[in-house]
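1. only geometry, no sequence info:
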Ligand SMILES: NC(=O)CC[C@H](N)C(=O)O
């Protein structure tokens, strides 16, 4: 069966995906350093598709806010690249897949404090440090950015994106590993602000709560040559580059497997969300909270693999 954006049954297709992939029994894992994520019911499952022509299709728990976690790294990178302001950022962080877990310390030491890419924790800490030069409260800046891009849909009675400060405080109290990464960066001269301040901002960014519909809508500029809700967010080439980094680095040490199964640029978070870009066509956000061994949504990845096969939306 093949469906395209023109074919009406996209809504029905998403309903089928939810019916098939919503977990019926507990499987997979939850991150040990963020206790509140373990409390989210395992059978939550939502999916949303936002098209470049302005339509939004959704099914399941697509309006329920969840913790965006590392999906925030896509948006902080976009903010850092806005208006050609990248400056020296690309001297401080590379653009190569890491092949290691998202919070690995080993590679950072061996490679003298230059993170492999902006989508592992060490790289995101450098991006946050870079943003803090102009905006010391980078998390609030990010919240403003995603709120503006998510716009007001018909569901504008919902709270809109917000920072779950209690979740952030609880993660911060268990941030030894991220603090270790930040101190390594500092020791190698690759962090300007105090390690504690950068980690605090980073954890608050990760603690932004958004729904699948909001995330898919907020990410549309990446599928639309950099054109966001209120005009240009990025140049077409910067938007293309972020998509390329998502494809090669967005799923950490499962980037190859995800490219093989889904064939689209994506970015996951340990809150169970995955944001996917279909260049020129749409964005997809799926959410299911239980994770595989690499920290990516178990049911979310399976659902995207099937949707990509059914729609032919893969970039390959
Ligand atoms: N992969 C993720 O989503 C990780 C984000 C999480 N806040 C952490 O730093 O551990």
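-> Arrived safely, thanks for sending. Since the structure is predicted, the reported quantities are computational estimates derived from the model, not experimental observations.
2. from now on I want contacts and neighbour counts done on CA atoms only, so please keep to that.
-> Fine.
3. confirm that residue 310 sits in a helix.
-> Yes. Under DSSP: H, G, I helix; E, B strand; the rest coil, residue 310 falls within a helix.
4. residues of the stretch 101-250 of the chain that sit close to the ligand?
-> Residues of the stretch 101-250 of the chain lying close to the ligand by Cα under 6 Å from any ligand atom are 102, 121, 203, 206.
5. please tell me how far the nearest residue to the last one once chain neighbours are set aside sits from residue 272.
-> In other words, residue 206. Nearest non-adjacent residue to residue 206, counting by Cα to Cα, 6 or more residues apart in numbering: residue 69, 3.8 Å away. For residue 69, the distance to residue 272 equals 9 Å [Cα to Cα, to the nearest Å].
6. please identify which of these two sits among more neighbours.
-> residue 272 (30 against 21; other Cα atoms under 10 Å).
7. check the gap between that one and residue 25 for me.
-> Going from residue 272 to residue 25 by Cα to Cα gives 16 Å.
8. what does stretch 234-244 rub up against?
-> 74, 77-78, 81-83, 221-223, 225-227, 265-266, 277 (Cα atoms under 8 Å, 6 or more residues apart in numbering).
9. buried residues, it. List them.
-> Within stretch 234-244, the residues that count as buried by 16 or more other Cα atoms under 10 Å are 234, 235, 236, 238, 239, 240, 242, 243, 244.
10. now render those as JSON lines, adding secondary structure.
-> Below are those laid out as JSON lines (three-state DSSP):
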{"residue": "234", "secondary structure": "coil"}
{"residue": "235", "secondary structure": "coil"}
{"residue": "236", "secondary structure": "helix"}
{"residue": "238", "secondary structure": "helix"}
{"residue": "239", "secondary structure": "helix"}
{"residue": "240", "secondary structure": "helix"}
{"residue": "242", "secondary structure": "helix"}
{"residue": "243", "secondary structure": "helix"}
{"residue": "244", "secondary structure": "helix"}
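11. pretty sure the residue nearest to residue 206 contacts residue 275?
-> No. Judged on Cα atoms under 8 Å, residue 69 makes no contact with residue 275 at a distance of 11.5 Å.
12. all strands for this protein, in order.
-> For the chain, the strands defined by DSSP state E cover 46-51, 56-60, 66-67, 162-163, 208-210, 227-228, 231-232, 266-268, 273-278, 282-287.
13. now do the third one, average pLDDT.
-> This points to strand 66-67. Averaging pLDDT along strand 66-67 gives 98.
14. not counting its neighbours along the chain, what's nearest residue 139?
-> Of all residues not flanking residue 139 in the chain, residue 205 sits nearest, at 4.9 Å (Cα to Cα, 6+ apart).
15. quick one: contacts for that neighbour?
-> Neighbours of residue 205 in contact, by Cα under 8 Å, 6+ apart: 69, 72, 138, 139, 140, 142, 143, 163.
16. give me the residue from the stretch 1-150 of the chain nearest the ligand.
-> residue 70 (3.7 Å; Cα to the nearest ligand atom).
17. look up the pLDDT of the residue lying closest to that residue once chain neighbours are set aside for me, please.
-> Counting by Cα to Cα, 6+ apart, residue 269 is the residue found nearest to residue 70 once chain neighbours are left out, at 4.3 Å. As predicted, residue 269 sits at a pLDDT of 98.
18. residue 269: neighbour count?
-> With other Cα under 10 Å as criterion, residue 269 counts 24.
19. what's the answer for residue 44, then?
-> By other Cα under 10 Å, the residues close to residue 44 number 19.
20. gap between the nearest residue to residue 62 once chain neighbours are set aside and residue 282?
-> Residue nearest to residue 62 in three dimensions, not counting chain neighbours: residue 46, with 4.2 Å by Cα to Cα, 6+ apart. Separation of residue 46 from residue 282 (Cα to Cα): 17 Å.
21. please apply the same query to residue 63.
-> To residue 282, residue 63 is 18 Å away according to Cα to Cα.
22. pick out whichever of these two has more residues nearby.
-> Using other Cα under 10 Å, the more surrounded residue of residue 63 and residue 282 is residue 282, with 26 against 18.
23. touching, residue 223 and residue 276? I think so.
-> No. The pair residue 223 / residue 276 is not scored as a contact, 9.3 Å apart, by Cα under 8 Å.
24. more crowded one of the two?
-> For residue 223 versus residue 276, neighbours defined as other Cα under 10 Å are more numerous around residue 276 (30 against 24).
25. burial count for the closest residue to the more buried one other than its chain neighbours?
-> Excluding its sequence neighbours, the residue lying closest to residue 276 (Cα to Cα, 6+ apart) is residue 266, at 4.2 Å. By the criterion of other Cα under 10 Å, residue 266 has 30 neighbours.
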